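> Got a predicted model here, sequence first, then my questions.
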Amino acid sequence: MNDVAENSSLGSGAPIESDGRAAGEVRAPAAAFFDLDGTLVVGQTTLLLVKFLRRAGVADWAFLIVAGLWFLGYKAGFYRVSAGAREKGAQVFKGLTVQEAEELMTRFADEILMPRMHPAVSAALAEHRAEGDRVAVISAALEPVVSALCARLDIGDYAGTACQLEDGRYTGRLEGAIPIDEEKARIAAEFMARWDVKAEDCWAYADHGSDLTLLRSVGHPVAVNPRPPLQEAAWAAGWPIIR
């Protein structure tokens, strides 16, 4: 990987590759884990989704206003992502069939998310793939959103917040654990064990303080447009920062 830190320097000695290896040294198998909201995609996907579904006639104005106020508070640091908050977001799929949701999310990924991809993080993703690294997206975003974007990016390994189905339709409720805090790190550890890669050889890209456990669980953490407290943690640890 190329150096993505704001400032860096290399000492003298043997020729060094861009990821710190000596020239000719065989690269260990590695993986790279990417957050979605604020990392791969600039912005909060659930708020973008509600606006998109409002234009598509699926979500009403009342839901849009409530979701918008919550995300303004979240951005200001007044709220944390919780099961209750994600449950509200899951209401946008209530009553839709799997096929209807997939069709909408394909449009959402193409029309809204792809144009908002973070250029530098997209470049890092492409470089990891060129190096032969395994890649995965681990996000607290709703699973139909994560699935649609990953399909667009040809990423087969991902985890999102699962939305409950009954008789082929979404109920508007959640199912299972939310990939956040320690749960994100646990999911990443499962991927690493499955792929037989060492944590010290792996990378993680994220933007939020709730991602600190994930970032600290790998050898190459990268902060993306970090907000406090992630920015302070990145400065203190000397982690690369992408802006």
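Looks like it came in fine.
> CA atoms for contacts and neighbours, from now on please.
OK.
> For stretch 147-160, buried residues please.
Across stretch 147-160, burial judged by 16 or more other C-alpha atoms under 10 Å covers 147-150, 158-160.
> now those residues in CSV, with distance to residue 32?
Formatted as CSV, the buried residues of stretch 147-160 follow (distance: C-alpha to C-alpha, whole Å):
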residue, distance to residue 32
147, 17
148, 19
149, 17
150, 14
158, 11
159, 14
160, 16
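> Just the closest of those to residue 243, please.
Closest approach between the buried residues of stretch 147-160 and residue 243, by C-alpha to C-alpha: residue 149, at 21.5 Å.
> Would you mind listing the outside residues contacting the host helix or strand of the closest one?
Assigned by DSSP states H and E, residue 149 falls within helix 143-153. Helix 143-153 is contacted from outside by 36, 45, 101-102, 105-106, 109-110, 113-114, 137, 139, 156, 158-163, using C-alpha atoms under 8 Å, 6 or more residues apart in numbering.
> now swap in stretch 164-172 and tell me
87-88, 90-98, 163, 173-175.
> Helix, strand, or coil at residue 47?
Assigned with DSSP: H, G, I helix; E, B strand; the rest coil, residue 47 falls in the helix class.
> Based on its surroundings, how many neighbours for residue 106?
For residue 106, the tally of surrounding residues (other C-alpha atoms under 10 Å) stands at 19.
> Now for it: which residues touch it?
So residue 106 contacts 148-149, 152 (C-alpha under 8 Å, 6+ apart).
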